[in-house]
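J.: My questions concern the predicted model and sequence given below.
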Amino acid sequence: MSEELPPPVPALFPARELRVRLDDLLTRELAGAGERVARGSVTPTLDMARFRRELAGFDFHTPCPIEPLLEWTIAQLEHGVTHMTHPRYFGLFNPAAGFPSQCADRIAGAFNPQLASSGSSPAPVEIEAHLIRAIAQRAGLPAEASGHFTTGGSEANYTALVCALTRSEPRYSDEGVRAFAGPLAVYTSCECQPAWFKIVHQAGVGRAALRLIATDGQGRMDARALAHSVAHDRKQGRVPVLISATAGTTGGGMVDPLASCAQIAREHGLWYHVDAAWGGAALCSDRLRGLLAGIELADSLTIDAHKWFATTMGCGMFITRHPAVLSEAFRVRADFMPSNAQSLDPYLNTLQWSRRFMGLRLFLALAAAGWQGYAAHVERAVEVIERVKARLLAHGWSVANDSRLAVLCAVPPPGHPGVGDIVRCVRASGRAWVACATFEGREVLRVCATHGETSLADVDELVAALTAAV
Ligand SMILES: *Cc1c(COP(=O)(O)O)cnc(C)c1O
């Protein structure tokens, strides 16, 4: 029997010189693709039939050389996605990722730290905790506020519900929702982000528990209707547990009356959550943060860095003024886990166990740009939308939403084709990407500034594409 171990698998662990060469190749090829994307079509141009044939060719029996494999993959992404990195993607809240956050992915990938515990990753865990405190402070939460990075807003909102249930009924942790005296009720507006339906389903609270409160004609939760609904449910023997106000609705970028909702939550002893997944970035701007007044009253907050903070995907935040509730909700004993008494272990305070170093994306970006850099970034997006709005109004369009954030719900001039047809036509042209949405029951064309480098020429091109389609 040989003394030697078999050699490492070279396809997985190539020699150092090859790695360096491939790293350079990636840097070069990605930069080139990025430049071509910005000049080309926003929408996918891939021949899907051909792509599927090529994909089927990967039977995983014959190993492929890595270099052509990387080139093939970049080409499929260059042609096979709607490009968030295109300056005329005026789409959903998906950003072109800022450069520091891309560096973060590379660094995190290279070290691949395990952020489950502070014992194995003392420095990363502290970096994330420091950053969460800074954002919490910016939102006006007390110094003891804490939280963590999540995969996104959905996980953060789910965490809010788990915290609400845990705090409102001590027996919930052992007995589940049966521990409550009656059917539960969770409140948000009818303009809420629809992941709430999945959240109440998953949490065992049930979809019927979700109360979609009417809006005020401008996409904001009607506080009087909310107060009425909570009181009515109580009288009927239901158990209200959570109010989630939205600060920056998905459809129209509207902000619910945060202080009034907080007041109602306080009166009834409910957990008060503010879902600022997208709009939370406005906190960076002294000019815009006043729009979120009342956010400081929240028991918990959702803010996605992968939206208006423009980090790479999969970077949300959950922040709470009650860290002890998180520790109660996610407590577990695992003697095999390394730990560090000075610091909070993420696996003991969050939904995830194995955890990527997500927070580095926002850390590098915020450290490099500062609050002022992010202030300029969000104010610029608002300015882009102001310009789009002024041009469309001049072409006879009207505007349905009265948002001061970077989303426009536009209505074409009378006698136009339907919004769906206009959107299809603009997308088919490849000149820009815009969305269809409903705002207060009305079909609208939704334009959102998501790219930090959109120029006035891009605004003109968008408006030209829209006016050509009506
Ligand atoms: C995007 C969004 C969510 C969902 O967040 P993900 O990061 O996509 O999981 C929830 N609420 C609001 C208001 C959002 O804009």
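T.: Structure's in. What do you need?
J.: what's around the residue of the stretch 1-150 of the chain at minimum distance from the ligand, how many residues?
T.: Closest residue of the stretch 1-150 of the chain to the ligand, CB to the nearest ligand atom: Phe93 (5.4 Å). Yep, even glycine has a C-beta here, placed from its N, CA and C like the rest. Residues lying near Phe93 (other CB atoms under 10 Å) number 21.
J.: element containing it, please.
T.: Phe93 is located outside every helix and strand, with elements delineated by DSSP states H and E.
J.: Arg211 now?
T.: Counting by DSSP H and E, Arg211 is found in strand 210-213.
J.: so, in contact with the ligand or not, that strand?
T.: No. Strand 210-213 stays clear of the ligand (CB under 6 Å from any ligand atom), getting no nearer than 13.9 Å.
J.: for the helix or strand just after that strand, packing partners?
T.: Next in sequence after strand 210-213, counting helices and strands by DSSP H and E, comes helix 223-235. With contacts taken as 3 or more CB pairs under 8 Å, 6 or more residues apart in numbering; DSSP states H and E, helix 223-235 sits against strand 184-189, strand 210-213, strand 239-246, helix 258-268.
J.: Can you verify my assumption that the residue of the stretch 1-150 of the chain closest to the ligand contacts Gly279?
T.: No. Using CB atoms under 8 Å, Phe93 is not in contact with Gly279, being 9.5 Å away.
J.: Report the set of residues contacting both of these two.
T.: Trp308 (CB atoms under 8 Å, 6 or more residues apart in numbering).
J.: hmm, back to that, listing partners with orientation, what would you give for the strand holding Arg211?
T.: According to DSSP bridges, strand 210-213 forms sheet pairs with strand 184-189 (parallel).
J.: And the partner strand, how far out from the chain middle?
T.: 21 Å (CA atoms, centre = their mean, to the nearest Å).
J.: what's the closest residue to Arg88 other than its chain neighbours sitting at in phi/psi?
T.: When the adjacent residues along the chain are set aside, Arg88 lies closest to Ala432, with 4.1 Å between them (CB to CB, 6 or more residues apart in numbering). Note on Ala432: backbone dihedrals following degrees, to the nearest 10 are phi -160, psi 160.
J.: Check the one 3 residues further on too.
T.: Main-chain torsions, Ala435, degrees, to the nearest 10: phi -120, psi 160.
J.: Who's the closest spatial neighbour of it, skipping the chain neighbours?
T.: Nearest to Ala435 is Arg446, by CB to CB, 6+ apart, at 4.3 Å.
J.: Next to the ligand in this structure, residues from the stretch 301-450 of the chain, please.
T.: Near the ligand, when you scan the stretch 301-450 of the chain using CB under 6 Å from any ligand atom, you find 304, 316.
J.: show me where pLDDT drops low in the stretch 301-450 of the chain?
T.: 340-343 (pLDDT under 70).
J.: Can you show me the helices along it?
T.: 323-329, 359-394, 419-429 (DSSP state H, counting those that start in this stretch).
J.: export those to a markdown table and tack on mean neighbour count?
T.: Formatted as a markdown table, these follow (neighbours: other CB atoms under 10 Å):
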| stretch | mean neighbour count |
| --- | --- |
| helix 323-329 | 18 |
| helix 359-394 | 19 |
| helix 419-429 | 17 |
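J.: Mind checking the ones you listed for the one nearest to Cys190?
T.: helix 419-429 (19.7 Å; CB to CB).
J.: What is that closest one packed up against?
T.: Using 3+ CB pairs under 8 Å, 6+ apart: helix 419-429 touches strand 435-439, strand 442-448, helix 456-469.
J.: In CSV: these, plus distance to Ala108 and mean neighbour count.
T.: Below are the helices and strands packed on helix 419-429 laid out as CSV (distance: least, CB to CB, whole Å; neighbours: other CB atoms under 10 Å):
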stretch, distance to Ala108, mean neighbour count
strand 435-439, 31, 19
strand 442-448, 28, 22
helix 456-469, 32, 18
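J.: what packs against the helix or strand where Ala134 lies?
T.: Following DSSP H and E, one finds Ala134 within helix 122-138. Applying 3+ CB pairs under 8 Å, 6+ apart, we find helix 122-138 packed against strand 146-150, strand 316-320, helix 359-394.
J.: Up against the ligand, what does the stretch 51-200 of the chain have?
T.: Applying CB under 6 Å from any ligand atom, one finds that the stretch 51-200 of the chain approaches the ligand through 93, 152-154, 157, 193, 195.
J.: circling back: so in terms of bridging, what pairs with the residue nearest to Ala435?
T.: Going by DSSP bridges, Arg446 forms beta bridges with Cys409, Ala435.
J.: My read is that it contacts Cys436, right?
T.: Yes. Between Arg446 and Cys436 there is a contact under CB under 8 Å: 6.9 Å.
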